[in-house]
Structures are given as C-alpha cells and as structure tokens.
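Provide a 3D model corresponding to the input given below.
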Amino acid sequence: VLAGRGVVGSDGRCGLTLWGDDPLTEAVEGFQPGEVPVVVEIRTPPYSPPAIAGRGKILPLRWLKGDDRWKADGWGVARLEEASVPVEFGLYSVYPNPFNGQLRLQFGLESAGEATIKTYDLSGREVASIASDRFSAGMHCTWWDADGLPSGVYLIRLTSSEQFRSVKVVLIR
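Reported below is the predicted structural model:
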C-alpha cells in the first residue's frame, strides 16, 4: 500500500511525500529485499487536453537527485518542466472561504493578455477591483482585502478576452 500527499505553492513549486508498506520479500533488480519499486508519475486531470484514455496526460519529470523510483527510506528531487504543465483559464483557489478580511486568489490564464478580477455584491454592483493588468500565461496569485465591506455573499469574477469565470465567497465579520 502506497499513500502520499502533495502541496503546490502560489509560485508553482510543489512537494510530494510518499510512504507505504513494504510487502515484497524478494529483491527486485536494483532494490533490497522489502523495498517496493514504484514509478512516480504526475498526471493532469482527465479534463485537461490532451487526455490519454480518460486518465490525463503524463507530465515528464526530470530527476535531479536520487532515484526515479520510490524506495523505502529513499528520496529524490525532480523538476516538472513549466512549459509542459497545461493551464486552463479560471479561478483555482480562493482561500479561505468563508473569510474574515483577507482572501487569497489563485487564477490561471491560457495565454498572455489583459485580465481583470472584480468583486460584486448580490445586486450586481461592483464593490472592488482586485486586479487589472496584463498577465503572462500561467498561474498567478493575488490578495483581496475586503476592509470596509459588510458581511455577506460576494461574487468574484475573472475576465480575460472573451472568457470569464465567477466564484462565490462569503465574508464573515
């Protein structure tokens, strides 16, 4: 049994920890008895093009240190080439939600261009302009300080070219 946990930072850096049982009793070539050879693969979600048999695309890892297979008490450092990571347009992480004051927004753009992020109350009135700039393609992160706004439900809208995405957030004072 192999389990793991991963974390991706706002700058795109990530870490992955794997651990598990050692069910093998015989040695496999290159491994000691009890070590489990597991190839580590990073896959995109199935909806990200180009999907391979509904399982997503395998993203290539370039191993910098260690082994490209997980071993008991082993370690490795790999780099996922930035150009190989597909980014879809949208708001990815709005944290925390509900929030009390400050909100962290992570968004992705498929191509470089002008983009805006604005906040609206439920009557459709714009209450804040969070970002309005020219951004490169890829993942970006920004913060919104809702200082001076009352508790309530708000819509945050990301707009770029002819695309837009909205997410609902709850401000609790």
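
flag the shaky bits of the chain, pLDDT-wise.
1-3, 8-14, 17-59, 66-75, 80-86 (pLDDT under 70).

partner strands of the helix or strand hosting Trp63, parallel or antiparallel?
Using DSSP states H and E, Trp63 sits in strand 61-66. Looking at strand 61-66 with DSSP bridges, its partner strands are strand 76-80 (antiparallel).

hmm, back to that, would you mark the buried spots in the strand holding Trp63?
Residues of strand 61-66 classed as buried: Leu61 (neighbour count, 16 or more other CB atoms under 10 Å). All C-beta spots, glycine's among them, are computed from the backbone N, C-alpha and C.

next one: stretch 128-140
Quick answer for stretch 128-140 (16+ other CB under 10 Å): Ala128, Ile130, Ala131, Phe135, Gly138, Met139, His140.

against Gly108, how distant is the fifth one?
Yep, that's Gly138 we're talking about. Using CB to CB, to the nearest Å, Gly138 is found at 7 Å from Gly108.

okay, and the common contacts of those two?
Listed contacts common to Gly138 and Gly108 are Val87; contacts here mean CB atoms under 8 Å, 6 or more residues apart in numbering.

follow-up on the earlier one: farthest pair within the buried residues of stretch 128-140?
For the buried residues of stretch 128-140, the farthest-apart pair by CB to CB is Ala128 and Gly138; their separation is 24.1 Å.

so which helix or strand takes in the nearest residue to Pro98 once chain neighbours are set aside?
Leaving aside its sequence neighbours, Pro98 sits nearest to Val170 (CB to CB, 6 or more residues apart in numbering; 3.8 Å). For Val170, the host element (DSSP H and E) is strand 163-171.

which elements pack onto that strand?
strand 90-95, strand 152-160 (3 or more CB pairs under 8 Å, 6 or more residues apart in numbering; DSSP states H and E).

among the ones you listed, which is nearest Lys118?
In terms of CB to CB, the element of these nearest to Lys118 is strand 152-160, at 5.5 Å.

ok so, going back, in a markdown table: the buried residues of stretch 128-140, plus secondary structure and distance to Thr159.
Compiled in a markdown table, the buried residues of stretch 128-140 are given as follows (DSSP: H, G, I helix; E, B strand; the rest coil; distance: CB to CB, whole Å):
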| residue | secondary structure | distance to Thr159 |
| --- | --- | --- |
| Ala128 | strand | 14 |
| Ile130 | strand | 11 |
| Ala131 | strand | 10 |
| Phe135 | strand | 12 |
| Gly138 | strand | 17 |
| Met139 | strand | 17 |
| His140 | strand | 14 |
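
closest one of the residues you listed to Leu16?
Nearest to Leu16, judged by CB to CB, of the buried residues of stretch 128-140 is Met139 at 17.5 Å.
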